[in-house]
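Provided below are the primary sequence and the corresponding predicted coordinates.
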Amino acid sequence: MDTKENAISILKQFGTREKLTDVPVLPKASVLIPLHMRGGELHVLLTLRSKELRIAAGEVCFPGGRRDPSDRDDVDTALREAREEIGLPPDEVQVVCTLFPIITPQGVLVTPVVGFIDETFCPSPNPAEVSAVFNIPLDFFTRKDHYSPYRLAGVTGPLHSYRFVDPDSGSKHRIWGITALMVLLVAVLVTKKKPQFNLGFDPEDPLPFFQLCLRQMISKL
């Protein structure tokens, strides 16, 4: 089994379609976590939000956004947003699974959708929403280099933050918050590497941690 096929097999084991039963009714959003092979290694594509946006301006994130009334489900939302933000055609995404949803401090339920894209994909960023698109090796997020934890009152376990310098542009990016948690989860599951820092969740069974996070956030709403 090659690297991509192995990753798909692992991720499908952690799909959440029938595992979470206590997900509340909240405004919904989805993000696409686009994986691809580059030089024989797994990479992930991320975007830098425009500084002109009202929410999370200038932050690193995945393509995604709020559920539209015309969207059929979480996958539809993620694919539509990726098309609008970086010009990624939905039929060029091999959707693998959805992972554990997370509630933002604003009370939005965000579902990560993991999919593979072709390594030849050339992004066409919508300048109104995205100011940069870049790729990072997935195992970057399992290494202690450029990693630092932080904590917030009332949140279980450490929160994660990374500093990344894009070798193509020289630009420096901070990856933190929900985006860092999502990509760390995918990296740990797929690479089977246990980082030399506190994950906050069990990589063999992350479900209880994400269920606890949901309950904690619900109690604050």
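Structure's in. What do you need? Numbers count the residues shown, from 1 in each chain.

low-scoring stretches of the protein, by residue?
1, 16-22, 154-156 (pLDDT under 70).

what about the helices in it?
3-13, 74-86, 177-191, 207-220 (DSSP state H).

which one of those helices lies nearest to Gln94?
With C-beta to C-beta as the criterion, Gln94 lies closest to helix 3-13 of those, at 8.0 Å. Just so you know, the C-beta spots here come from the backbone N, C-alpha and C atoms, and that holds for glycine as well.

residue contacts, Gly87?
Residues in contact with Gly87 (C-beta atoms under 8 Å, 6 or more residues apart in numbering) are 123-126.

could you pull out the strands for the protein?
Assigned by DSSP state E, the strands in the chain fall at 28-38, 41-49, 60-61, 64-66, 94-98, 102-103, 109-116, 130-137, 147-150, 159-165, 172-176.

in contact with the residue positioned nearest the centre of the chain, which residues are there?
Central residue of the chain (C-alpha atoms, centre = their mean): Met182, 4.2 Å from the mean position. Each residue near Met182 by C-beta under 8 Å, 6+ apart is listed here: 31, 33, 62, 99, 102, 112.

beta partners for the second one?
Ile33 forms beta bridges with Val114, as assigned by DSSP bridges.

from Gly87, how far off is it?
17 Å (C-beta to C-beta, to the nearest Å).

cool, and Val96?
Distance from Val96 to Gly87, by C-beta to C-beta: 21 Å.

what of Leu11?
Leu11 is 25 Å from Gly87, by C-beta to C-beta.

and what of Ile178?
Ile178 sits 24 Å away from Gly87, taking C-beta to C-beta as the criterion.

again with Pro24
Taken as C-beta to C-beta, the span from Pro24 to Gly87 is 34 Å.

Leu181 now?
27 Å.

for Ser219, same thing?
Ser219 sits 40 Å away from Gly87, going by C-beta to C-beta.

likewise Glu41?
24 Å.

who's in contact with Asp202?
Taking C-beta under 8 Å, 6+ apart as the definition, contacts of Asp202 comprise 208-209.

and it, how far is that from Phe209?
Asp202 is 7 Å from Phe209, where distance means C-beta to C-beta.

count of neighbours near Cys122?
Neighbourhood size, Cys122 [other C-beta atoms under 10 Å]: 9.

which residues are contacting stretch 166-177?
Applying C-beta under 8 Å, 6+ apart, the contact partners of stretch 166-177 are 46, 48, 59-60, 132, 134, 150, 159-165, 183.
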